[in-house]
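Student: Predicted model follows, preceded by the sequence.
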Number of protein chains: 2
Amino acid sequence: MKKFINEADSLLHDSLKGVGSVHSNIVEIQFSPTFVRRRQRPSKRKVALISGGGSGHEPLHVGFVGRGMLDAACPGQVFTSPTPDQMIAAAGAVDTGAGVLFIVKNYAGDVMNFQMAAETLDCPNATVLVSDDVAVDGSTHTTGRRGVAGTLIVEKLAGAAAEAGADLARCKAIGDRANKLTASMGVAFTSCTVPLAGRPTFDIQADEMEIGVGIHGEPGRRREKIQRADLIVDELLTAILRDLNPQSGAEVLMHVNGFGGTPLMELYLLFERAEIQLRSLGLTPARSLVGNYTTSLEMAGASLTLTVLDSELKALWDAPVRTSALSW
Amino acid sequence: MKKFINEADSLLHDSLKGVGSVHSNIVEIQFSPTFVRRRQRPSKRKVALISGGGSGHEPLHVGFVGRGMLDAACPGQVFTSPTPDQMIAAAGAVDTGAGVLFIVKNYAGDVMNFQMAAETLDCPNATVLVSDDVAVDGSTHTTGRRGVAGTLIVEKLAGAAAEAGADLARCKAIGDRANKLTASMGVAFTSCTVPLAGRPTFDIQADEMEIGVGIHGEPGRRREKIQRADLIVDELLTAILRDLNPQSGAEVLMHVNGFGGTPLMELYLLFERAEIQLRSLGLTPARSLVGNYTTSLEMAGASLTLTVLDSELKALWDAPVRTSALSW
């Protein structure tokens, strides 16, 4: 196993210590139970946004804690749900009296644990379930569609709403709408290796790709020979557009996400093809984001995420954000 | 070869088109000859900073074009020097009458081509040669030390000086001083694959690492079994500190750089160990940067870069910057 690691057990702890040191102006880290919260407290009552999930997808979620996005993130061990005590402690720390909104990727463990936390909390709370992956309807550890790179979009849009003073119901409505208007699909060239497992999650031939892969290496729609990048983009976009069915003339946010082991050059090349195709279909890629944001450790591969924008969502996307991984 | 690519020949062109689309508010792309320049022209005369080199290290250099850093970048094909016509065209486009400063990583091809461009230019010009890699004194295609992740530091510090109105001689002096006060060393777990070559640059066993690797996969000091992350950090830091020999109590900028295929979790873990060690030696890691900034395509591995700060360099580091890859 080729990793910078001391013991698999201490990877998360040591890594979070580093995050806390490097970004001490933005976040602070709490242990036992573990969560990452904003350093700077909101100056007025606002809905608190909390997300979380297994580690190994960084910068998701800890890199998105900060003004304009999350108030706290609860990281579990690699690809393992955090526990309710983390969410309850995080909520206790960041609730300003306006309530707490959980943003949860649709995996059985995450859903169950956030639900247990929600039931225990004695403040108003609500949950947005993210399920943007159109590749498959159910999957390993998932009933219904998986939540993948669209989670970032939901966190940014709901986060901007909360920052602007929207109440809990309104923040949840924005998050639900963002999820509904967002669709993703990815492809993997290689597996990742979970440190505690010590070997690749799946085997794949040197000339093969997994179309519709999940962000933990879950199976997608099929395995086939690697194609030209243009053909890959076209297939992913077709599946995404079939799901979203945007009106001609619509403005969209185009997010090309790397899974960790894919060079930026290739991600920009994917974007270029996607933009050409969107325009040829009468859609306007009005906003864009390209980079490794929702990763699967060192997996080589990428996903496309499309969000249909309206003027409200566009303004929420453009609103200032200051986190360690996303800042404008 | 597992890459998102159409033809190896068109990768750079297609990728730069994507960069131009995604970051159209910051840069514009010129082809024939190829260079990336700031979208927003300086409002007054300022020294123009131009860097460049082979592609495959993104975001270096094109991701560092923008206010507070580079005025233009000249990308060559993957791991191949750009040509003098690119640098001459870029200089013609961004020179405001205050002269042009080239920032060049110390590789024979880059040095020769930037030198030819400098001789052709009919504006005042100067060059800062970056040679921060302490691993080896000479290497494949290199006489003297290689320029690696410290290049970003030189570009940021000289860029801030130029933005503040420093003249050409002063910008060069800042760049030279930044280079002298900066040292780096890296380690690779895997090779990268240059698209035109179609196979890994070097072979390495499943349990081995290359200590002191170059950012094109050049040999380092030795090959050995992978060690605990703490031991790797300690060895790299020892070599770096032997070179810089900072005074006890000095403030330093600690940069942990990923080569492309290493998860953020691991990079933060490396930082955490480095910080503990620096403090134990009486040094203060006053500034930090962690991420994949000077990559080697999809290589798994990382480097440490240390810059000894004084109040002037610290202020230049803190000065505002707005590029696609670095922004504060």
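Tutor: Received it, and whenever you're ready, just let me know what you need. Residues are numbered from 1 along each chain as shown, chains lettered A, B, ... in the order given.
Student: Show me which residues of the stretch 51-200 of chain A sit near chain B.
Tutor: A:55-56, A:58-59, A:63, A:78, A:189-190 (CB under 8 Å from any CB of the partner chain). Just so you know, the C-beta spots here come from the backbone N, C-alpha and C atoms, and that holds for glycine as well.
Student: With adjacent residues omitted, what lies nearest to residue A:220?
Tutor: Of all residues not flanking residue A:220 in the chain, residue A:212 sits nearest, at 2.6 Å (CB to CB, 6 or more residues apart in numbering or on different chains).
Student: List the residues that contact the one you found.
Tutor: Residues in contact with residue A:212 (CB atoms under 8 Å, 6 or more residues apart in numbering or on different chains) are A:133, A:135-136, A:185-187, A:219-222, A:239.
Student: Closest one of those to chain B?
Tutor: Taking CB to the nearest CB as the measure, chain B lies nearest residue A:187 of these, at 8.6 Å.
Student: Roughly how far does that closest one sit from residue A:262?
Tutor: 10 Å (CB to CB, to the nearest Å).
Student: So, low pLDDT: which residues of chain A?
Tutor: Nowhere does chain A drop to pLDDT under 70.
Student: Can you show me the strands along chain A?
Tutor: With strands called from DSSP state E, chain A shows them at A:27-30, A:35-38, A:48-55, A:72-78, A:100-105, A:125-130, A:182-188, A:208-211, A:222-225, A:251-258, A:284-291, A:301-309.
Student: so which of those strands gets nearest residue A:1?
Tutor: Checking the strands of chain A against residue A:1 by CB to CB gives strand A:72-78 as the closest, at 12.3 Å.
Student: strands paired with that closest one, and their directions?
Tutor: Sheet pairing of strand A:72-78 (DSSP bridges) gives strand A:35-38 (antiparallel), strand A:48-55 (parallel).
Student: Can you add distance to residue A:67 and mean neighbour count and give the ones you listed back as a markdown table?
Tutor: Output for the strands paired with strand A:72-78, formatted as a markdown table (distance: least, CB to CB, whole Å; neighbours: other CB atoms under 10 Å in any protein chain shown):
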| stretch | distance to residue A:67 | mean neighbour count |
| --- | --- | --- |
| strand A:35-38 | 7 | 25 |
| strand A:48-55 | 11 | 28 |
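Student: For residue A:64, see how far away the closest residue to residue A:13 other than its chain neighbours is.
Tutor: Among residues not flanking residue A:13 along the chain, residue A:31 sits closest, at 7.0 Å (CB to CB, 6+ apart). Between residue A:31 and residue A:64 the distance is 20 Å, computed by CB to CB.
Student: okay, these two: which has more neighbours?
Tutor: Shown here are residue A:31 and residue A:64; by other CB atoms under 10 Å in any protein chain shown, residue A:64 has more neighbours (26 against 10).
Student: which other residues reach stretch A:269-288?
Tutor: For stretch A:269-288, contacts defined as CB under 8 Å, 6+ apart pick out A:229-230, A:232-234, A:237, A:241, A:246, A:248-256, A:290, A:302, A:304, A:309, A:314, A:317-318, B:4-6, B:11, B:14-15, B:17-18, B:21-22.
Student: Same check on stretch A:6-24?
Tutor: In this structure, residues lying in contact with stretch A:6-24 by CB under 8 Å, 6+ apart are A:5, A:27-29, A:31, A:34, A:36, A:39, A:55, A:62, A:75, A:77-78, A:195-196, A:198, A:324, B:228-230, B:265-273, B:275, B:285, B:288-290.
Student: then it to CSV, C-alphas only?
Tutor: Extracted in CSV, the C-alpha atoms of stretch A:6-24 (Å, rounded to 0.1, in the frame of the first residue of the first chain):
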residue,chain,number,x,y,z
ASN,A,6,1.9,6.1,10.2
GLU,A,7,-0.9,3.8,11.5
ALA,A,8,-4.2,3.5,9.6
ASP,A,9,-5.9,4.1,12.9
SER,A,10,-4.4,7.5,13.4
LEU,A,11,-4.6,8.8,9.8
LEU,A,12,-7.8,10.8,10.4
HIS,A,13,-6.7,12.3,13.6
ASP,A,14,-3.2,13.3,12.4
SER,A,15,-4.6,14.7,9.2
LEU,A,16,-7.3,16.8,11.0
LYS,A,17,-4.5,18.2,13.2
GLY,A,18,-2.8,19.4,10.1
VAL,A,19,-6.0,20.9,8.7
GLY,A,20,-6.5,22.8,12.0
SER,A,21,-2.9,24.1,11.9
VAL,A,22,-2.9,25.2,8.2
HIS,A,23,-6.3,26.7,8.2
SER,A,24,-6.4,28.1,11.8
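Student: Buried residues in that stretch, which are they?
Tutor: Across stretch A:6-24, burial judged by 16 or more other CB atoms under 10 Å in any protein chain shown covers A:8, A:11-12, A:14-23.
Student: Check stretch A:106-123 too.
Tutor: Quick answer for stretch A:106-123 (16+ other CB under 10 Å): A:106-107, A:109-111, A:113-114, A:117-118, A:121.
Student: so what's the closest residue to chain B within the stretch 151-300 of chain A up against?
Tutor: Going by CB to the nearest CB, chain B is nearest to residue A:268 of the stretch 151-300 of chain A, at 3.2 Å. Under the criterion of CB under 8 Å, 6+ apart, the contact list for residue A:268 reads A:256, A:290, B:14-19, B:22.
Student: picking that back up, just the ones in helices from the buried residues of stretch A:106-123, please.
Tutor: Those of the buried residues of stretch A:106-123 mapping onto helices are A:109-111, A:113-114, A:117-118, per DSSP state H.
Student: Spatially, what comes nearest to residue A:121 if we skip its sequence neighbours?
Tutor: residue A:91 (5.5 Å).
Student: Quick check: the one you found touching residue A:48?
Tutor: Yes. With contacts counted by CB atoms under 8 Å, residue A:91 reaches residue A:48, the gap being 7.0 Å.
Student: Need the overlap of contacts for those two.
Tutor: A:72, A:100.
Student: Tell me where the stretch 151-300 of chain A has helices.
Tutor: Secondary structure of the stretch 151-300 of chain A (DSSP state H, counting those that start in this stretch): helices located at A:168-180, A:229-244, A:264-280.
Student: Name the stretch among these that sits most buried.
Tutor: Of all these, helix A:264-280 has the most neighbours on average by mean count of other CB atoms under 10 Å in any protein chain shown, namely a mean of 22.
Student: Might you calculate how far that one sits from the centre of the chain?
Tutor: On the basis of CA atoms, centre = their mean, to the nearest Å, helix A:264-280 sits 21 Å off its chain's mean C-alpha point.
Student: Please apply the same query to stretch A:285-296.
Tutor: Relative to its chain's centre, stretch A:285-296 lies at 10 Å (CA atoms, centre = their mean).
Student: likewise stretch A:136-144?
Tutor: With CA atoms, centre = their mean, you get 17 Å for stretch A:136-144.
Student: end to end, how far does that stretch reach?
Tutor: 8 Å (CA to CA, to the nearest Å).
Student: Same check on stretch A:54-63?
Tutor: With CA to CA as the measure, stretch A:54-63 spans 14 Å from end to end.
Student: ok, now stretch A:122-134?
Tutor: End-to-end distance for stretch A:122-134, by CA to CA: 35 Å.
Student: Generate TSV for the contacts of residue A:268, with distance to residue A:69 as supplementary columns.
Tutor: TSV is the format used below for the contacts of residue A:268 (distance: CB to CB, whole Å):
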residue	distance to residue A:69
A:256	20
A:290	18
B:14	31
B:15	28
B:16	30
B:17	30
B:18	25
B:19	25
B:22	20
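Student: ok, which pair from those residues is furthest apart?
Tutor: Spanning the widest gap among the contacts of residue A:268 are A:256 and B:16, at 15.0 Å by CB to CB.
Student: hang on, the earlier thing: give me the number of residues near the residue nearest to residue A:121?
Tutor: Using other CB under 10 Å, residue A:91 has 25 neighbouring residues.
Student: Contact partners for it?
Tutor: Residue A:91 makes contact with A:48, A:50, A:72, A:100, A:117, A:121, A:123, A:125 under the criterion CB under 8 Å, 6+ apart.
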